[in-house]
Every structure is written in structure tokens, then in C-alpha cells.
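Trainee: Pasting a predicted model and its sequence here:
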Amino acid sequence: MLGVLSVVVDYFAPVFLILSPITSYADQIFSIHRKKTSDGFSLDIPLIMLVASILKVFYWFGAYYDKALLAQASLMIVVQSVLLKVALDNRAPSGARDGLQHTPFHGYSAENGLKDLLSGRRPYDFWQWSSAKPYFQFLSYLAGGLLIVHVFLPFLSRSPAYIALLGYVGLAVEAILPIPQIVKNHQARSCKGFRLSVIINWLAGDAMKMSYFFLSKEFIPWPFRLCGIFQAFCDSYLGLQFYMYGRGPAVQTFP
């Protein structure tokens, strides 16, 4: 029995983890494309996964963790970029401000951001822009900034504190992945628009990740383990929401 478990952890788990971006999100992508609507799907999911994956890629250059996890992060960037594009192309028209059509934070001051925060809005309408371009510009700025630090500031990019910061921030961001969808489901009292296949793959992935993180002979830094445990609890609660709410009609709300 232990021999079988060892084979699963050492050989099957890395392949499962590498392909998990495709197995987890392909159905969601095709569903949005087929139905021509992304209603019920939280755009914060690709935001979280893209930011986390970009940080994890740069984290590898200091921590040199298992290459299967690096391959997973790299593939996740590709898959989430496709998911973001499809979701943006098929979302309902929003009431975002006209000034956010071209450049993230264009025309905004710190005072504007503070007013938004105090009024319960996202500062600068972050990640709620009316066109697709600012989303990818923001991601380009993030990746470009990290690349500049890595290439031109080696005294910083090679410091243990900076490397640890990349790891903990990137994995903590990924760990909160289910939270926006949990909030969206709770507000609507429905899981409509969010594919059951996604949560099934998340839960299966959690089981595989926990086995791999704690039983594998490969080097797995503790940030992966701690954040993986938290994410597994959140995914389990999201599964409970499917049981409680189902995919019935969402509650209509009016301003």
C-alpha cells in the first residue's frame, strides 16, 4: 500500500499538478464562450491566479523549488490569461467610469482613491474597468516591474528577505482564490454561473497538493504548505455552498 502511495505522490501527482490549470479551468472557459455570458463568474479569480502565478515564477529564481510547481505556475499564467479575455469579452456592460477606458488609474489622485475606499468602493475602480486593455496593462506592469528588479537590482532580488516575501505574498494571494467567489455566491444565494467542474477540480487538486506537499521527496517550501492548507479549507466551504444554494436563479437586487 505504501508503495502504491509513493508511486502516486512521486509520479502521478507532479503530472496532475502541472496539468491542473487546464483540467480546472478549461470547462469554465468553454462554458462562458458557449453561453456568451460570464454572469456569476468572479473576474477576481483570474486576477488572483495571475498575480500569484507571476510572483511564484519569480520566487523560483531565489528558492529553486520543485520544477513541477514552476511548470504549473507558468501554464497557469497562459490559461488564466485566456480565461480573463473570454470573461471580459462576454461580460455584461458595466457602469465603469469613462476615464478608465485606456490606462489603469488614469486621471485619478490619492484623494480619489481614499474617497472610493471610504465609500465602500474599490479604490480607482480597480479590476472593474470598462475595457479589456487596462487589465492586461496592469499585469504587464507587474511582470515588468518584477523583471526589472530581478535583472537590474541583484542585491535586492537575491536577498533572502525579498525571496521569502515573493513566496509568502504570491502563495497567500493564491490561498484567497475561493474568497471572491464565496462572497459572490453568498450575496446572490446562488452558485449559478460558476461551474461545478471547477470546484470538483479544486477539491481534487487540494487533496493531491496536500499529499505532494507533505509526502514528496522534492523540496517544497513551507509557504506552499501553509497557504495550501488555508486554500483547502476555503475550497471545502465553496463546495458546501454548492450543496446549500445549488445553481438556481440568483437573487435580483436593486440599488
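Mentor: That came through, no problem.
Trainee: got the buried residues for the helix or strand harbouring Ser197?
Mentor: Ser197 is part of helix 196-215, with elements assigned from DSSP states H and E. Burial within helix 196-215, assessed by neighbour count using 16 or more other C-beta atoms under 10 Å, is assigned to Val198, Ile199, Asn201, Trp202, Gly205, Asp206, Met208, Lys209, Ser211, Tyr212, Phe213. Every C-beta, even on glycine, is put in place using the N, C-alpha and C of the backbone.
Trainee: packing partners for it?
Mentor: Helices and strands in packing contact with helix 196-215 are listed as helix 2-7, helix 13-35, helix 222-245; criterion 3 or more C-beta pairs under 8 Å, 6 or more residues apart in numbering; DSSP states H and E.
Trainee: Sketch out the low-pLDDT regions of the protein for me.
Mentor: Of all residues in the chain, those with pLDDT under 70 make up the ranges 1-8, 94-121, 248-255.
Trainee: on that earlier part again, columns distance to Leu75 and mean neighbour count on top of the helices and strands packed on helix 196-215, output as TSV?
Mentor: Rendered in TSV, the data for these read as follows (distance: least, C-beta to C-beta, whole Å; neighbours: other C-beta atoms under 10 Å):
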stretch	distance to Leu75	mean neighbour count
helix 2-7	23	9
helix 13-35	5	18
helix 222-245	17	16
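Trainee: export the ones you listed to JSON lines and tack on distance to Ala68?
Mentor: Output for those, formatted as JSON lines (distance: least, C-beta to C-beta, whole Å):
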{"stretch": "helix 2-7", "distance to Ala68": "15"}
{"stretch": "helix 13-35", "distance to Ala68": "4"}
{"stretch": "helix 222-245", "distance to Ala68": "11"}
